[in-house]
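>>> Sequence and predicted structure, then a few things I'm wondering about:
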Amino acid sequence: MIENKLELILVTYNRAQYLENTLKQFFNSPFKNCKFTILDNCSPDNTSKVCEKYSKLFPNMEVIRHNRNIGGNANITQGLRTSTSEYTWLLADDDDYDFSECDDVIEAVLSDKYDFIHVSSPLLPSNKKNKNDKDLTEIIEDYDKNREIRALELVKLIKGKYFMDLAFISSYIFKTKLLDSDDIIKAYDNVPNFFPQFSFISKTVNENFLLYRAKQDLIIQGNNPENDAEHTYTYTKFYEGWLNVGLMINDKKIRKIFYKNLDNHSIPTNNYLIVLPVAIMTDKALNKKNIKYNTISLIAVLYKHTGWIKGFILSIYLILVYLVPGSVYKILFEKIYAK
């Protein structure tokens, strides 16, 4: 039975309305009887009341409320280390779920065969906008009709989207024992880099984990308008953090795929030579704080990825982008977005 194998860990902060919607969906799902732990980051809203209400409805729910807000990334790290079951599914509090076809996911967990089960693809979703495009399930089915694939083979198929997909914390169910103490320490070390979960993501390629891809996405990533307002980091800081965690990838060829393919939903390309300067331009156009220091940090981590010669050329390129006055970028972006 799935409740004997899988544990759900949900991290939440100050989103009582979204949290209730998530819990309603799980209450009507095949995962209702699984051990369910909520990590409440000392929310000041009605989160405690929502948790109290649903803890009476779920048979195996536990609510852990921190005595202070430890930050979202630290709470994710707590989630990585909390589970005691064979498999763990780390959940966000503001997504929508589709459990209409999830028997294959349950069977995959019960089989004990897979290192992780991929259940949602934000970048290659089942609800694709262009019917001619292939979603992740179709891409993997072309490779293996049973939707089984090793991590390194999937990286070859979808390039950097592999890493960006897994950065969405709820996109996969993983075998708990694969995260050992060293991995948890790495996760805590990378809290300032925004992606503590990369301690697991990097391990999937370092050890070439076996994954199973669900027939369809179980999650439609939330579009919470309150989220962006809470983010205090800049675009340049975001990519600096992302490139820093990528240094945990051991294979230089895979690391090259990682840093060369960076997604930005505002532009149609994922080429790092365009994405990174656009990040600097956007921060300058929006008059963000600490752009100078964030740009220097971004250049420093690029050196680590590309080496001294290429890093020097890239640094000149990004410095020239930075030196253009923010007022120029502001005018440019206003014209682009006005269209």
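Everything's here; your move.

>>> In three-state terms, label K215 for me.
coil (DSSP: H, G, I helix; E, B strand; the rest coil).

>>> R147 versus that one, what's the distance?
7 Å (C-beta to C-beta, to the nearest Å). Glycine gets a C-beta too; all of them are placed from N, C-alpha and C.

>>> same check, this time on T137
For T137 relative to R147 (C-beta to C-beta), the value is 7 Å.

>>> V50 now?
Counting by C-beta to C-beta, the gap between V50 and R147 amounts to 35 Å.

>>> what does Y329 give?
44 Å.

>>> just the strands in the stretch 1-150 of the chain please.
Along the stretch 1-150 of the chain, the stretches classed as strands by DSSP state E, counting those that start in this stretch are 6-12, 35-40, 61-65, 87-91, 96-97, 116-118, 148-150.

>>> Deepest in the core, which of these is it.
Among the strands of the stretch 1-150 of the chain, ranked by average contacts under mean count of other C-beta atoms under 10 Å, first place goes to strand 116-118 (a mean of 26).

>>> so how far is it from its chain's centroid?
14 Å (C-alpha atoms, centre = their mean, to the nearest Å).

>>> same question for that strand, mean pLDDT?
Strand 116-118 shows a mean pLDDT of 98.

>>> Run through the neighbouring helices and strands of it.
The contact analysis (3 or more C-beta pairs under 8 Å, 6 or more residues apart in numbering; DSSP states H and E) places strand 116-118 against helix 103-111, strand 172-175, strand 210-213.

>>> As a markdown table, those with mean neighbour count would be great.
Formatted as a markdown table, the helices and strands packed on strand 116-118 follow (neighbours: other C-beta atoms under 10 Å):
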| stretch | mean neighbour count |
| --- | --- |
| helix 103-111 | 17 |
| strand 172-175 | 24 |
| strand 210-213 | 22 |
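
>>> Ok, which of these comes nearest L276?
Nearest of the helices and strands packed on strand 116-118 to L276, taken as C-beta to C-beta: strand 172-175 at 27.1 Å.

>>> Can you dump the C-alpha atoms of the closest one in CSV for me?
Backbone C-alpha positions of strand 172-175 (Å, rounded to 0.1, in the frame of the first residue of the first chain) are rendered in CSV as follows:
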residue,chain,number,x,y,z
TYR,A,172,9.7,14.4,-8.4
ILE,A,173,9.4,11.7,-5.7
PHE,A,174,12.7,10.4,-4.5
LYS,A,175,14.1,7.5,-2.6
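
>>> Would you mind pulling the contact partners of that strand?
Contacts to strand 172-175, defined as C-beta atoms under 8 Å, 6 or more residues apart in numbering, come from residues 6, 86-89, 105, 109, 114-120, 166, 200, 211.

>>> Could you pull up the mean pLDDT of that strand?
98.

>>> next one: it to chain centre, how far?
Per C-alpha atoms, centre = their mean, the centroid offset for strand 172-175 relative to its chain is 13 Å.

>>> Mind listing what's buried along the following helix or strand past that strand?
Counting by DSSP states H and E, the next helix or strand C-terminal to strand 172-175 is helix 181-189. Of all the residues in helix 181-189, those buried under the rule 16 or more other C-beta atoms under 10 Å are D183, I184, K186, A187, Y188.

>>> Report all helices and strands that the helix or strand following helix 181-189 contacts.
Per DSSP H and E, the first helix or strand lying C-terminal to helix 181-189 is helix 198-206. If contacts are counted by 3+ C-beta pairs under 8 Å, 6+ apart, helix 198-206 sits against helix 151-158, helix 161-167, helix 181-189.

>>> which residues are in contact with helix 198-206?
Contacts for helix 198-206 (C-beta under 8 Å, 6+ apart): 80, 115-116, 151-152, 155, 163, 166-167, 174, 178-179, 183-184, 186-187, 190, 195, 209, 211, 245-246, 248-251, 254.

>>> How many residues are close by P277?
Neighbours of P277 under the rule other C-beta atoms under 10 Å: 17.

>>> In three-state terms, how would it be classified?
Looking at P277 with three-state DSSP, the answer is helix.

>>> separation between it and K304?
Distance from P277 to K304, by C-beta to C-beta: 19 Å.

>>> go on, K32?
Taken as C-beta to C-beta, the span from K32 to K304 is 46 Å.

>>> More neighbours: which of these two?
K32 (17 against 14).

>>> Give me the phi and psi for the more buried one.
phi -60, psi -40 (degrees, to the nearest 10).

>>> give the contact list for it.
F26, F58, P59.

>>> Now, of the residues you listed, which are buried?
F26, F58.

>>> Cool, thanks, talk later.
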